[in-house]
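Engineer: Everything below, folded, please.
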Amino acid sequence: MGSDFLLATLFNLSVNLIYTIVALMVGVLALKFVDKRLLERVDIEEELKNNNIAVAIFASTILLFVALIVSFGLKA
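Structural biologist: Prediction:
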């Protein structure tokens with residue numbers, strides 16, 4: 001009975017990790033799409049080097065959303 005519980009736990013962990021990796025990849029692809037299509041005239045890295053606070057807030061918000069995706073993937 002103990003090995004069944006361990007097997008079920010490992011299966012659940014692997015499913016959650018796969019879901020998290022897929023969700024993270026989708027999030028990164030969405031970020032690249034937004035960066036290339038919607039923000040064509042804005043170079044995020046260059047604006048960060050110029051100490052643009054608005055771009056820093058935008059980039060950190062995107063990172064927070066990615067962190068939420070990862071945390072919900074590991075919780076489920």
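Engineer: How are the helices of the chain distributed by residue range?
Structural biologist: Here the chain has its helices, by DSSP state H, at 2-33, 44-49, 53-75.
Engineer: so where is this structure shaky, pLDDT-wise?
Structural biologist: Low-confidence segments of the chain (pLDDT under 70): 1, 73-76.
Engineer: which residue ends up closest to the midpoint of it in space?
Structural biologist: The centre of the chain sits closest to residue 66, judged by Cα atoms, centre = their mean, with a distance of 2.7 Å.
Engineer: how close does it get to residue 19?
Structural biologist: Using Cβ to Cβ, to the nearest Å, residue 66 is found at 14 Å from residue 19. C-beta coordinates here come from the backbone N, C-alpha and C atoms, glycine included.
Engineer: Next: residue 11.
Structural biologist: Residue 11 is 13 Å from residue 19, where distance means Cβ to Cβ.
Engineer: So if I had to pick from these two, which one is more boxed in?
Structural biologist: Shown here are residue 11 and residue 19; by other Cβ atoms under 10 Å, residue 19 has more neighbours (15 against 10).
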